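**Student:** Generate coordinates for the sequence data below:
(one chain, ligands or ions: 2)
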Amino acid sequence: MDEAMSVFKEFHALSGEDKAIETSKDPNKSCYIYPSSENYATEKFHLWRDALVHNCNPLEECIQFWPEQPPRYREVVGPYTAEVRKLGFRILEFFSQGLGISLGGLVGNQNLVVNHYPPCPDPSLTMGLGKHIDPAFINILLQSDVYGLQVFKDEGWVVVEPIPNAFVVNLGYPLQIISNGKLKGAEHRAVTNSNIARTSASFFISPSHETLIEPAKSSVDASHPALYKSLPYKDFISKYLANFSDSKALEEALRTTV
Ligand SMILES: O=C(O)CCC(=O)C(=O)O
Ligand SMILES: [Fe+2]
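**Tutor:** Ligands and ions are numbered 1, 2, ... in the order given. Sure thing, here's the model as predicted:
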């Protein structure tokens with residue numbers, strides 16, 4: 001874990017030009033940089049984050065498109081993602097047993113997102129990453145020792161302290177829907193600070209595009225009607241992206257009218 005975190009930091013210490021070169025190896029763009037701000041002039045607040053995004057499965061196929069700088073990137077991050085993937089599938093297996101549905105068979109994309117939040121001269125004007133529930137089944141998150149992750153609980157923000165050698169496991173929206181609201185997606189955000197850069201790495205295990213995301217039969221009965229519509233995951237994602245900055249509007253767009 002420590003080695004992976006060092007390599008993630010080294011990648012983000014490269015110049016912008018080098019990062020662009022290192023993320024342009026796949027014409028199909030399975031590896032790319034997601035920049036901080038999408039529309040600086042009109043957005044409500046600025047996002048102070050750069051993210052390296054790449055596919056992780058099947059590893060033998062996608063690793064050829066990963067960065068080759070720092071030189072150890074593939075050697076360290078390959079085994080890291082393989083282990084985190086195993087952990088993620090074990091956790092999904094527990095949820096599968098509880099929900100009476102095989103989640104492992106519904107998995108599609110497995111992505112790594114390496115977030116870099118540079119120090120910000122005035123953190124009150126920016127957000128690292130705004131309030132959201134992850135769109136994946138789960139996210140196995142590795143944070144560096146710099147504080148920044150917060151979770152929304154009882155109408156307030158609670159700091160998730162970085163713990164050495166520990167992952168944060170975030171439950172995402174699809175599991176909230178499949179469990180018909182019994183499991184709650186964790187609403188979280190990342191804030192910036194004025195003097196030290198922060199790095200984190202999210203390993204997302206997501207449903208495949210065609211998977212129907214809907215309340216599982218085991219979660220619905222006469223006294224617990226389906227709270228959510230049935231949607232192919234790709235349509236869920238369209239609604240998710242269209243309502244990213246408005247969690248209430250998103251919840252309404254996903255709900256049935258009962
Ligand atoms: O940087 C963090 O701790 C959170 C990252 C996150 O929420 C995400 O990648 O979805
Ligand atoms: Fe997240």
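**Student:** the strands in the stretch 101-250 of the chain, which residues?
**Tutor:** Using DSSP state E, counting those that start in this stretch, the strands found in the stretch 101-250 of the chain span residues 107-117, 126-127, 129-132, 138-143, 149-153, 156-159, 168-171, 188-190, 198-207, 212-213, 231-232.
**Student:** what's the spacing between Lys9 and Tyr34?
**Tutor:** Distance, Lys9 to Tyr34, using C-beta to C-beta, to the nearest Å: 18 Å. C-beta coordinates here come from the backbone N, C-alpha and C atoms, glycine included.
**Student:** Also Glu3?
**Tutor:** Taken as C-beta to C-beta, the span from Glu3 to Tyr34 is 24 Å.
**Student:** again, but for Thr23
**Tutor:** 10 Å.
**Student:** Those two - which one has more neighbours?
**Tutor:** Shown here are Thr23 and Tyr34; by other C-beta atoms under 10 Å, Thr23 has more neighbours (21 against 14).
**Student:** my guess is the more buried one meets Cys31, correct?
**Tutor:** Yes: the pair Thr23 / Cys31 is scored as a contact, 5.1 Å apart, by C-beta atoms under 8 Å.
**Student:** what mean pLDDT does stretch 77-92 have?
**Tutor:** Averaged over stretch 77-92, pLDDT sits at 97.
**Student:** Now look at that stretch and say if it contacts ligand 1.
**Tutor:** No: if you take C-beta under 6 Å from any ligand atom as the test, stretch 77-92 misses ligand 1, and the best it gets is 13.6 Å.
**Student:** How about stretch 6-20?
**Tutor:** No: Stretch 6-20 is not in contact with ligand 1 by C-beta under 6 Å from any ligand atom; minimum separation 11.4 Å.
**Student:** that older thread, what touches both of Thr23 and Tyr34?
**Tutor:** Contact criterion C-beta atoms under 8 Å, 6 or more residues apart in numbering; residues shared by Thr23 and Tyr34: Leu52.
**Student:** got a list of what the residue of the chain positioned farthest from its centre touches?
**Tutor:** Using C-alpha atoms, centre = their mean, the residue of the chain lying farthest from its centre is Ala222. It sits 34.2 Å away. Contact analysis of Ala222 by C-beta under 8 Å, 6+ apart lists nothing.
**Student:** so what's it scoring on pLDDT?
**Tutor:** On the pLDDT scale, Ala222 gets 92.
**Student:** for ligand 1, what are the nearby residues on the stretch 101-250 of the chain?
**Tutor:** So the stretch 101-250 of the chain meets ligand 1 at 113, 115, 129, 134, 139, 141, 143, 148-149, 188, 190, 200, 202 (C-beta under 6 Å from any ligand atom).
**Student:** Identify the farthest-apart pair in those.
**Tutor:** Greatest spatial distance among these (C-beta to C-beta): Asp134 and Gly148, at 16.0 Å.
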